[in-house]
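> Build me a model:
(2 chains)
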Amino acid sequence: AQTVTQSQPEMSVQEAETVTLSCTYDTSENNYYLFWYKQPPSRQMILVIRQEAYKQQNATENRFSVNFQKAAKSFSLKISDSQLGDTAMYFCAFMKHGATDSWGKLQFGAGTQVVVTP
Amino acid sequence: GAVVSQHPSWVICKSGTSVKIECRSLDFQATTMFWYRQFPKQSLMLMATSNEGSKATYEQGVEKDKFLINHASLTLSTLTVTSAHPEDSSFYICSATLGGYPDTQYFGPGTRLTVL
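Numbering: from 1, shown residues only, chains lettered A, B, ... in the order given. This is a model prediction of the structure:
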């Protein structure tokens, strides 16, 4: 079974600053997907960024970028130029690739609450 | 982008009654939908996988007879909480995916269930 660990329950950052959220996972799979989802106070889950394990290049989406270290099983998220609207719970998630018994199943970490202050 | 709706957004029911939650994909056909449960300040826990036209598959520890799932069409999956108890109070979230693209899931806005 896969486990996803987010060791930071809460992070505070000032506007325009940078914050990095950590995520580690445990798997014996070689091919998989990793995700960061954002859940603001509205509780709507929003995909922030996605990484395919076979791709060595780190994914980026505007102010969001990841540091994917496959050997270390680490997948951290960096939020640059933080904005008040980034205040949310951030979940790291793992999904097997191609497995029929786990098709589409997301395994979420415990989450990190990010608070952006003025 | 693709939109998934849930209805109702908030429901209060008495203990012992049943409540149905709908999950609809509004502008695409969802061959597979997933149901999650989220307790306050906790993560999402997958409850079951719902495939159109077939029986749902439940995660270990989830009571099939309590949480009835029906995926009657390519745009609708329903979760019925039967004989609800206060401990069933939670936030229920569905997600929907296109066939062949499991890594692209669209989440509904969630349904808050309170059982008195």
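
> Give the burial count for the nearest residue in space to residue B:76 that is not next to it in sequence, as a bare number.
Leaving aside its sequence neighbours, residue B:76 sits nearest to residue B:24 (CB to CB, 6 or more residues apart in numbering or on different chains; 5.3 Å). Every C-beta, even on glycine, is put in place using the N, C-alpha and C of the backbone. As a burial measure, residue B:24 scores 19 neighbours (other CB atoms under 10 Å in any protein chain shown).

> tell me which element residue B:24 falls in.
Per DSSP states H and E, residue B:24 falls inside strand B:19-25.

> That strand: how far from the chain's middle?
Centre-to-centre, strand B:19-25 and its host chain are 7 Å apart (CA atoms, centre = their mean, to the nearest Å).

> Check stretch A:75-89 too.
Here stretch A:75-89 is found 10 Å from its chain centre; the criterion is CA atoms, centre = their mean.

> now do stretch B:71-85
Put simply, stretch B:71-85 sits 7 Å off its chain's centre (CA atoms, centre = their mean).

> Just the residues contacting it, thanks.
B:13, B:15-26, B:29-31, B:33, B:35, B:47, B:50-54, B:56, B:65-70, B:88, B:92, B:94, B:96, B:113, B:115 (CB atoms under 8 Å, 6 or more residues apart in numbering or on different chains).

> same question, stretch B:48-65
Taking CB under 8 Å, 6+ apart as the rule, stretch B:48-65 contacts A:103-105, B:30-35, B:45-47, B:67, B:69-74, B:77, B:82.

> interface residues of chain A facing chain B?
By CB under 8 Å from any CB of the partner chain, the part of chain A that sits against chain B consists of A:33, A:35, A:42-47, A:50, A:52, A:91, A:95, A:97, A:103-111.

> quick one: contacts for residue 22?
Picked chain A for this. Contacts were defined as CB under 8 Å, 6+ apart; by that measure residue A:22 touches A:6-8, A:74, A:76.

> um, chain B though
Counting by CB under 8 Å, 6+ apart, residue B:22 makes contact with B:6-7, B:76-78.

> Let's see which of those residues end up in strands.
Assigned to strands by DSSP state E, the following of the contacts of residue B:22 qualify: B:6-7, B:76-78.

> Please pick the buried ones from the contacts of stretch B:71-85.
Among the contacts of stretch B:71-85, those buried by neighbour count (16 or more other CB atoms under 10 Å in any protein chain shown) are B:13, B:19, B:21-25, B:30-31, B:33, B:35, B:47, B:50-52, B:56, B:67-69, B:88, B:92, B:94, B:96, B:113, B:115.

> Centre-most residue in chain A?
Geometric centre of chain A, nearest residue: residue A:36, 2.8 Å, by CA atoms, centre = their mean.

> on that earlier part again, quick one: which of the ones in strands among the contacts of residue B:22 has the most company?
Neighbour max across the ones in strands among the contacts of residue B:22 (other CB under 10 Å) = residue B:77, 29 neighbours.

> Quick one, grab the pLDDT at that one.
On pLDDT, residue B:77 comes in at 95.

> And residue A:56, by the same measure?
You'll see residue A:56 listed with a pLDDT of 87.

> Stretch B:92-104: which residues count as buried?
So stretch B:92-104, judged by 16+ other CB under 10 Å, has buried residues B:92-98, B:102-103.

> when you check chain A, which of the residues you listed turn up near it?
Among the buried residues of stretch B:92-104, proximity to chain A is found for B:93, B:95, B:97, B:102-103 (CB under 8 Å from any CB).

> show me where chain A has strands.
Going by DSSP E, chain A shows strands at A:3-5, A:10-14, A:19-21, A:24-26, A:32-39, A:46-52, A:60-61, A:64-69, A:74-79, A:88-96, A:107-108, A:112-117.

> Please consider this matter closed, and thank you.
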